[in-house]
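Student: could you work out the structure for the sequence below:
(one chain, ligands or ions: 1)
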Amino acid sequence: MELIFEKSRPGRGLSLLPACDVPAYAVPEEMVRSADSGLPEVAEVDLVRHYQELAERSFSPAKGLCPMGSCTMKYNPQVDELAAELPGFTQIHPLQPKNTTEGCREATDLLKHYLCAYTGMDGISLQPAAGSHGEFAGMLIMKAYHAGRGEAHRDKILVPDSAHGTNPASAAMAGFRIVNIPSTEEGLVDLDALRAAAGEDTAGLMLTNPNTLGLFERDILEITGIVHEAGGLCYYDGANLNAILGVARPGDMGFDIVHLNLHKTFAAPHGGGGPGSGPVGYKAFLEKYVPQHLTAFYGNFLVEMKALAYALTIGRDGAYPVAASAVLNARYLMQQLSDVYRMAGEPCMHEFVISAADLKAKYGVTAKDIVKALFDHRMHAPNMYFPLIVEEALMVEPSETESRETLDRAARIFREIYHLAQTDPDYLKAAPHTTPVGRPDEVQAAVKPVLKYEII
Ligand SMILES: Cc1ncc(COP(=O)(O)O)c(C=O)c1O
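Tutor: Predicted coordinates for the structure are as follows:
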């Protein structure tokens with residue numbers, strides 16, 4: 001496909017508007033561009049076709065299943081987008097006089113009220129713009145809390161090896177030392193190891209629940225009890241809240257701080273570089289250590305408005321069905337596949353992890369080959385090679401919005417690929433066969449991304 005710059009022809013353009021009849025403003029000389037801008041010149045119809053072609057080449061939940069575990073690309077209701085597009089929300093500025101933004105602040109207060117109710121927390125800061133940003137803010141809260149009590153020597157954060165990768169990264173960025181807590185055979189926190197690690201230098205625990213194997217920590221109350229007894233605080237990575245919404249609350253499990261990914265659970269798309277929101281919930285005794293409206297004004301306000309629209313739609317009674325369907329869908333698909341693929345850990349919550357280690361050993365077919373083959377079936381890839389504690393991992397999350405028919409189709413495709421791994425592994429190793437780009441050099445794409453067109 002040609003770039004829009006390659007389609008450009010001098011003099012061609014979007015002459016849709018009549019000639020301007022307003023006297024021209026004399027732009028000061030020093031502000032006038034000295035060279036041509038180099039922007040592409042194309043007719044409107046070519047521009048429309050260009051973007052249409054790009055849209056057709058990209059994939060989204062509006063096109064098909066995106067069973068991407070952990071990063072959860074689920075379908076988000078259009079009505080929430082429409083609500084966030086209301087001019088009263090889009091046409092404001094954070095520096096407007098306060099008495100002109102009362103409605104917007106009422107809306108954010110209402111969202112906070114819902115998020116407190118869903119998490120069992122006493123307060124919420126909407127400042128952080130992503131889940132990991134929320135984690136970082138949470139770690140700074142923890143740090144300030146211990147320093148405020150004259151216990152700045154508490155510099156260790158206990159992080160189970162089943163935690164999301166951002167957890168240890170955020171704690172390290174906040175200046176803490178990380179103590180890795182191993183998992184049991186079952187994939188749950190090893191309580192003996194936790195007990196042995198918790199002590200006078202413990203600042204706190206950072207726990208992802210359900211963890212990255214999609215498992216709910218059965219001994220959750222004991223876990224928080226051990227950390228509190230050692231004088232530490234408990235941080236809950238609540239990015240996976242769609243698995244427990246309306247069923248259980250981090251606040252009731254003994255957690256002091258929690259972050260949510262509004263762009264996973266509450267109706268904003270995740271990934272693709274779009275704006276996110278990672279609010280931090282806290283118990284009342286931490287109030288004075290919480291970020292104020294200093295850095296990003298009111299956070300990512302329009303993402304918050306989508307989340308509010310979603311919360312108002314599901315309310316209290318609609319929260320439980322979200323979690324129930326998320327778990328049911330994951331368990332259903334896992335069940336459909338567990339006689340062929342090897343599963344890591346069960347019973348799963350909202351996501352499950354396949355290990356393709358056997359297929360690799362027997363037929364040389366890797367998790368990546370399976371993922372590439374899915375593209376030929378108009379299906380997005382699950383997360384791959386994550387969590388790190390599972391060899392050849394594929395992390396599958398069908399999400400709560402998918403129908404049984406969609407899950408049955410996905411199961412058929414996964415089974416077909418399994419069959420091909422045994423009968424024609426070379427075909428899989430060359431997949432995908434139907435996409436414009438097959439196997440780009442991922443290392444080069446990551447280390448030397450070409451993100452802009454060089455205008456000569
Ligand atoms: C469990 C978990 N924690 C934290 C994060 C980090 O969130 P973000 O990508 O918004 O920084 C994610 C991302 O999906 C996640 O799945």
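
Student: pLDDT score assigned to whatever residue of the chain ends up closest to the ligand?
Tutor: Distance from the ligand to each residue of the chain (C-beta to the nearest ligand atom) is smallest for G131, at 2.4 Å. Quick note: C-beta positions are derived from backbone N, CA and C, even for glycine. At G131, the model reports a pLDDT of 94.

Student: correct me, but it touches L262?
Tutor: No - checked against C-beta atoms under 8 Å, the pair G131 and L262 is beyond contact range at 9.1 Å.

Student: who touches both of those two?
Tutor: The overlap between the contact sets of G131 and L262 (C-beta atoms under 8 Å, 6 or more residues apart in numbering) consists of 276, 278.

Student: and these two? Which one has more around it.
Tutor: L262 (32 against 27; other C-beta atoms under 10 Å).

Student: pLDDT on stretch 192-201, on average?
Tutor: The model assigns stretch 192-201 a mean pLDDT of 98.

Student: how about stretch 64-77?
Tutor: Per-residue pLDDT over stretch 64-77 has a mean of 89.

Student: hmm, back to that, the residue of the chain closest to the ligand: what's it in contact with?
Tutor: So G131 contacts 166, 237, 239, 259-261, 263-264, 276, 278 (C-beta under 8 Å, 6+ apart).

Student: likewise for G103?
Tutor: G88.

Student: from Q91, how far out is it?
Tutor: Using C-beta to C-beta, to the nearest Å, G103 is found at 12 Å from Q91.

Student: next one: I141
Tutor: Distance from I141 to Q91, by C-beta to C-beta: 33 Å.

Student: the two: which is more packed in?
Tutor: Set side by side, I141 and Q91 show more neighbours around I141, with 24 against 8, by other C-beta under 10 Å.

Student: hang on, that one packs against G281?
Tutor: No - I141 is beyond contact range of G281, at 10.7 Å (criterion: C-beta under 8 Å).

Student: what touches both of those two?
Tutor: Common neighbours of I141 and G281, using C-beta under 8 Å, 6+ apart, are I257.

Student: around the ligand, which positions in the stretch 151-300 of the chain sit nearby?
Tutor: Within the stretch 151-300 of the chain, the positions near the ligand by C-beta under 6 Å from any ligand atom are 164, 166, 208, 237, 239-240, 261, 276, 278.

Student: change it to 8 Å
Tutor: 163-164, 166-167, 208, 212, 237, 239-240, 259, 261, 263-264, 270-271, 276, 278 (C-beta under 8 Å from any ligand atom).

Student: helices - which of those residues land there?
Tutor: 166-167, 263-264 (DSSP state H).

Student: CSV for those, including pLDDT and distance to A326?
Tutor: Below are those laid out as CSV (pLDDT from 0 to 100; distance: C-beta to C-beta, whole Å):
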residue, pLDDT, distance to A326
T166, 95, 21
N167, 97, 21
H263, 91, 16
K264, 89, 11
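
Student: give the burial count for the residue nearest to E217 when sequence neighbours are not counted, as a bare number.
Tutor: Closest residue to E217 apart from its sequence neighbours, by C-beta to C-beta, 6 or more residues apart in numbering: N209 at 5.1 Å. By other C-beta under 10 Å, the residues close to N209 number 27.

Student: can you list the residues of the stretch 1-150 of the chain near the ligand?
Tutor: 70-72, 130-135.

Student: save those residues as JSON lines, and put in secondary structure too.
Tutor: Listed next are these as JSON lines, based on DSSP: H, G, I helix; E, B strand; the rest coil:
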{"residue": "S70", "secondary structure": "coil"}
{"residue": "C71", "secondary structure": "coil"}
{"residue": "T72", "secondary structure": "coil"}
{"residue": "A130", "secondary structure": "coil"}
{"residue": "G131", "secondary structure": "helix"}
{"residue": "S132", "secondary structure": "helix"}
{"residue": "H133", "secondary structure": "helix"}
{"residue": "G134", "secondary structure": "helix"}
{"residue": "E135", "secondary structure": "helix"}
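
Student: of those, closest to I220?
Tutor: Nearest to I220 among those is E135, at 18.7 Å by C-beta to C-beta.

Student: next, the buried residues of stretch 429-444.
Tutor: 429, 431-432 (16 or more other C-beta atoms under 10 Å).

Student: just the helices in the stretch 201-350 of the chain please.
Tutor: With DSSP state H, counting those that start in this stretch as the criterion, the stretch 201-350 of the chain has helices at 220-229, 262-265, 301-314, 319-337.

Student: what angle do the longest one and helix 301-314 make?
Tutor: Orientation check (axes from the mean of the first three to the mean of the last three C-alpha atoms, to 10 degrees): helix 319-337 against helix 301-314 gives 90 degrees.

Student: so for helix 319-337, mean pLDDT?
Tutor: For helix 319-337, the mean confidence score works out to 97.

Student: what's that helix in contact with?
Tutor: By C-beta under 8 Å, 6+ apart, helix 319-337 touches 67, 118, 214, 242-247, 265, 314, 343, 346-352, 354, 396-402, 404, 407-408, 410-411, 414-415.

Student: buried ones among those residues?
Tutor: Applying 16+ other C-beta under 10 Å to the contacts of helix 319-337 flags 67, 118, 214, 242-246, 265, 314, 343, 346, 348-352, 354, 396-400, 402, 407, 410-411, 414 as buried.

Student: in strands, which of those residues fall?
Tutor: Of the buried ones among the contacts of helix 319-337, the ones assigned to strands by DSSP state E are 343, 352, 354, 396.

Student: quickly list what the second one is bridged to.
Tutor: If I follow you right, that is F352. Following DSSP bridges, F352 is listed with bridge partners V396.

Student: let me know the pLDDT of P291.
Tutor: With respect to pLDDT, P291 scores 83.

Student: hang on, isn't it packed against G123?
Tutor: No - with contact defined as C-beta under 8 Å, P291 does not reach G123; the gap is 11.3 Å.

Student: what is the neighbour count of R9?
Tutor: Neighbour number of R9 under other C-beta under 10 Å is 11.

Student: and for the one 3 residues further on?
Tutor: Other residues near R12 number 14, with proximity taken as other C-beta under 10 Å.

Student: in contact with it: list those residues for me.
Tutor: 41-43.

Student: just want the most central residue of the protein.
Tutor: Centroid-nearest residue in the chain, with C-alpha atoms, centre = their mean: C71, separated by 4.1 Å.
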